[in-house]
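# let me see the structure of the following:
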Amino acid sequence: MTDRVHPSSKPNGSSKPNGSSKPNGTATGTAKPSTTSAVATTNPPLKFPPATKTHLHNHPYRPTPTSRHRHNGRRFTCRRCCCLTCFWSILLLIAILLLAAICAAVFYVLYNPHHPAFSVTSLKITQFNITTTADDDTTHLTTKFNLTISSRNPNKKIIYTYNPISITVFSNQVNLSTGSFTNFTSLPNNIFIIHTTTGLTSQILDVDSVTSLKSDLKKKKGLPMKILMDTNLGIKMEKLKMKNIGIQVICYGIHGIVPKSKNATVADTSDAKCKVDLRIKILKWSF
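You can find the predicted model right below:
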């Protein structure tokens, strides 16, 4: 017994007005029944190759906390304040230096200042004795010098006022005599003569000093000597006054022969030169 296959009531193709149907890709006509039984089949699911996954690291958006915004704004404000402070400080320093340079230029044009000049006029050695005691085997030095030094003021509108001057005579770092001179005033375009006497009385010498002196005394030119003077200077320029300006004078190129009798000997000062150094003191520093 055979099963009958009933065709679908709905044709595969589009219906026409005359009632005939025409399937796609087949001839027109009525479908013939099949002698075999129809078995309902389903198509297997299509298998596609697995999709390749792209490894993307998606970072979630994290908003900046309000405190961090405040911190960044505060840091920017502090940096700006520091930059402005440095800028104005540098600008102020440049203005001060420029003003000081202008004042110095005006002062130099008006007064044309020059430092005082010194020279050694004469040096007489009236006494020079080196004695060694037998009891304690110590060496003593006794000296006496007569000095004449000239101080010249080369300025036309500046007056120098000197405090008491300390005077020391050296020979290769060995102290030969010490003394001082009183205060005085040096007027413009004027020369002031300093007469003073310096000396030592039984000054104890060490072995190195004795060796150095005895070696220098044998030289033909005599004993090399150097004069050192220290004082404070006051400056007066019309209504402007400046006080306590340190000054140091070093005179070198002096040679003297030690007297062998009671008669004094005159040292050779023909090659003597004096160097003047101003020692300006600002707070604790001296220049």
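# contacts, neighbours, all on C-alpha from now
Will do.
# now the helices for the chain?
Counting by DSSP state H, the chain has helices at residues 66-111, 207-217.
# those: which one's closest to L141?
Nearest of the helices of the chain to L141, taken as Cα to Cα: helix 207-217 at 9.3 Å.
# nearest spatial neighbour of L187, chain-adjacent residues omitted?
Closest residue in space to L187, ignoring its immediate chain neighbours: I159 at 5.1 Å, by Cα to Cα, 6 or more residues apart in numbering.
# what stretches of the stretch 51-200 of the chain score poorly on pLDDT?
Counting by pLDDT under 70, the low-confidence segments of the stretch 51-200 of the chain come to 51-76.
# 90 instead, please
Scanning the stretch 51-200 of the chain for pLDDT under 90 picks out 51-88, 100, 103-115, 130-138, 156-157, 172-173.
# what's near enough to touch C274?
Applying Cα atoms under 8 Å, 6 or more residues apart in numbering to C274 gives the contacts 117-120, 249-252.
# coming back round to it: count the neighbours of the residue nearest to L187 for me.
21 (other Cα atoms under 10 Å).
# export the contacts of C274 to TSV and tack on neighbour count?
Listed next are the contacts of C274 as TSV, based on neighbours: other Cα atoms under 10 Å:
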residue	neighbour count
A117	15
F118	21
S119	19
V120	22
V249	19
I250	18
C251	20
Y252	18
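# same list, the residues you listed, but as TSV with distance to T265 please.
Listed next are the contacts of C274 as TSV, based on distance: Cα to Cα, whole Å:
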residue	distance to T265
A117	26
F118	23
S119	19
V120	16
V249	24
I250	22
C251	19
Y252	18
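# follow-up on the earlier one: so the residue nearest to L187 is in contact with M237, correct?
Yes: if you go by Cα atoms under 8 Å, I159 and M237 touch, sitting 6.7 Å apart.
# which residues touch stretch 163-182?
The contact list for stretch 163-182 (Cα under 8 Å, 6+ apart) reads 141, 143-145, 183-184, 194, 196-200, 209, 212-213, 223-234.
# buried sites along stretch 123-141?
Using 16 or more other Cα atoms under 10 Å as the test for burial, stretch 123-141 gives 123-128, 130, 139-141.
# now, the most widely separated pair of the residues you listed?
Taking Cα to Cα, the two most distant members of those are L123 and T139; they sit 25.0 Å apart.
# can you point out the buried residues in stretch 214-226?
Under the neighbour-count criterion of 16+ other Cα under 10 Å, stretch 214-226 has 216, 222-226 buried.
# quick check, nearest of the residues you listed to F107?
K226 (34.9 Å).
# for the closest one, name its beta-bridge partners.
Counting by DSSP bridges, K226 forms beta bridges with F170.
# and it, what pLDDT?
As predicted, K226 sits at a pLDDT of 95.
# and it, how close does it get to V174?
Look at K226 and V174: by Cα to Cα, to the nearest Å, they are 10 Å apart.
# same question, G222
15 Å.
# same thing with L223?
Per Cα to Cα, L223 is found 11 Å from V174.
# and C274, by the same measure?
19 Å.
# cool, I257 as well?
16 Å.
# could you do R152 as well?
Computed with Cα to Cα, the distance linking R152 and V174 is 29 Å.
# ok, now N163?
Going from N163 to V174 by Cα to Cα gives 26 Å.
# one more: D135?
D135 sits 24 Å away from V174, going by Cα to Cα.
# coming back round to it: R152 and V174: who's more crowded?
More crowded of R152 and V174, by other Cα under 10 Å: R152, with 19 against 16.
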